[in-house]
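Chemist: I would like the atomic coordinates for the input below:
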Amino acid sequence: MNISYCKYLISRSISSIINHKVKEPQFGLLFDVDVKPTGEFRIPTIFVTNASNELHTSKAAKLTQILEIPILPEQVIVAHSPLKMYTEFHKKHCLISGQGPIADIAKNLGFTKVTTIEQLCDA
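Modeler: Numbering: from 1, shown residues only. Below is the predicted model:
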């Protein structure tokens, strides 16, 4: 295969990607989630999101408002939730970066000595 043909294939692929339009989905999802008369879920329920720019408590509060059913922060798993397991780092000084209230998020996960990128730049 010669170089000009390879360039042609790459150019065609890139053009195809750029011109590809993402269609709006033509469907939705509906879950029938039965609750007890007290407003609690009958089946143990958790909510998972890859968002990590807010605290479990605020995400739970938003879900509570939307669903009109009490959602506990313990029922919410976000992208940074696994960091709670790394207790060997909780008392070490850690440099953190991200979006949202990252210092509060880190402290909520058990980290006691945190410096944000912004704080480092300001120093």
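
Chemist: helix, strand or coil for the spatially most central residue of the chain?
Modeler: With distances taken as Cα atoms, centre = their mean, the residue of the chain nearest its centroid is A51 (1.7 Å). The three-state label given to A51 by DSSP: H, G, I helix; E, B strand; the rest coil is coil.

Chemist: What pLDDT is listed against it?
Modeler: What the model reports as pLDDT for A51 is 80.

Chemist: In contact with the residue lying closest to it once chain neighbours are set aside, which residues?
Modeler: Of all residues not flanking A51 in the chain, V78 sits nearest, at 6.1 Å (Cβ to Cβ, 6 or more residues apart in numbering). C-betas here are computed from N, CA, C, even on glycine. Residues near V78 by Cβ atoms under 8 Å, 6 or more residues apart in numbering: V48, T49, N50, A51, S52, E54, H56, K59.

Chemist: And these, which of them are buried?
Modeler: E54, H56, K59 (16 or more other Cβ atoms under 10 Å).
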